[in-house]
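Participant: here is my input; please provide its structure:
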Amino acid sequence: MYLFPAIDLIGGQVVRLRQGDFDRRKTYEADPVQQAIEFEQAGATWLHMVDLDGARTGEPQNLDIVGRVCRKTKLKVEIGGGVRHRNTIRALLDQGASRVILGTAALQRWGWFEEVMQDEAFHNKIVLGLDARKGFLAVSGWEHQLETTALDVAKTVTDWPLGAINFTDIAVEGMCEGPNLIAMQEMAESTKIPVVASGGVGSLEDLRKLRELPLQGVIVGRALYDGAFTAKEAIEALEG
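Facilitator: Predicted coordinates for the structure are as follows:
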């Protein structure tokens, strides 16, 4: 199981949100490129990045930072936030990203998403981001809730050529009070697409519990930045 250390960006700075609330964010002093280098030096092979400015505006705002991270490290980068067009997907892949995360655009423009997934150039390079409160999907930077459940969508795409599903439980995201293990297990068992879990990790014991589930990896942000454990310790916990 892989550790996906997280770098969320607002205004070029590393931030973390509590429960997806932009008004409850913490900004860290870390330079995003240097932070990525440090994660790589700790043994990480994947990096999860989100352009939160892009998530709100609908257009990526930190493309240059993504490119610098990809050039200065060998990390496999998955990036999301504000991806609404095929040209944006291509631009991010051209910058060196390994996978591009589609959330709001996929869920609100399902026909477009189906067309994207029919393009062989994007096979296994698209991640479907499913962010949910009490099981129901939230979009547009988590500011709008849908009547569709994450599980229903995961079942629908089970045979699609997706790279992964990133499943975030917004209720525990950024709280460091423990992940929703039941929800994560239900998601992982509902689809044949690899699932990456996000939300609530606050201790190495949380990671050890997640390691028992059929997941591809775990996204961790605030716990790393606040010093609950190091990236190296997290990798060791997930690898057993």
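
Participant: Ala105 sits in which helix or strand?
Facilitator: Assigned by DSSP states H and E, Ala105 falls within helix 104-108.

Participant: quick one: buried residues of the helix or strand just after that helix?
Facilitator: Using DSSP H and E, the helix or strand that follows helix 104-108 in sequence is helix 110-118. By 16 or more other C-beta atoms under 10 Å, the buried positions in helix 110-118 come out as Phe113, Val116, Met117. Yep, even glycine has a C-beta here, placed from its N, CA and C like the rest.

Participant: surely the second one and Asn87 touch.
Facilitator: I take that to be Val116. No - look at Val116 against Asn87 with C-beta atoms under 8 Å: they stay out of range, at 11.5 Å.

Participant: can you work out which residues contact both of the two?
Facilitator: Counting by C-beta atoms under 8 Å, 6 or more residues apart in numbering, Val116 and Asn87 have no common neighbour.

Participant: all strands for the protein, in order.
Facilitator: Counting by DSSP state E, the chain has these strands, from start to end: 2-10, 13-18, 21-28, 46-51, 76-80, 99-102, 126-133, 136-139, 144-149, 164-169, 195-198, 217-220.

Participant: Gly227 is nearest to which of these?
Facilitator: strand 21-28 (11.2 Å; C-beta to C-beta).

Participant: and the nearest residue to Val172 once chain neighbours are set aside, how far from Leu9?
Facilitator: Computed as C-beta to C-beta, 6 or more residues apart in numbering, the closest residue to Val172 that is not its neighbour in sequence is Gly200, at 3.3 Å. Separation of Gly200 from Leu9 (C-beta to C-beta, to the nearest Å) stands at 21 Å.

Participant: neighbours of Lys155, just the number please.
Facilitator: Neighbours of Lys155 under the rule other C-beta atoms under 10 Å: 13.

Participant: spit out the contact partners of it.
Facilitator: Neighbour list for Lys155: Ser190, Thr191 [criterion: C-beta under 8 Å, 6+ apart].

Participant: report the helix or strand with the lowest average pLDDT across this structure.
Facilitator: When each helix and strand of the chain is scored by mean pLDDT, DSSP states H and E, strand 21-28 comes last, with a mean of 70.

Participant: shouldn't Leu47 be in contact with Lys72?
Facilitator: No - using C-beta under 8 Å, Leu47 is not in contact with Lys72, being 11.5 Å away.

Participant: mean confidence (pLDDT) on the helix holding Ala105, please.
Facilitator: Taken as a whole, helix 104-108 has an average pLDDT of 93.

Participant: which elements pack onto it?
Facilitator: Counting contacts by 3 or more C-beta pairs under 8 Å, 6 or more residues apart in numbering; DSSP states H and E, helix 104-108 packs against helix 110-118, strand 136-139.

Participant: quick check: can you name the pairing partners of the last one and their directions?
Facilitator: When you say that, I think you mean strand 136-139. Strand 136-139 has the following strand partners under DSSP bridges: strand 126-133 (antiparallel), strand 144-149 (antiparallel).

Participant: those strands into CSV, with extra columns for distance to Leu3?
Facilitator: Shown next, in CSV, are the strands paired with strand 136-139 (distance: least, C-beta to C-beta, whole Å):
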stretch, distance to Leu3
strand 126-133, 16
strand 144-149, 28
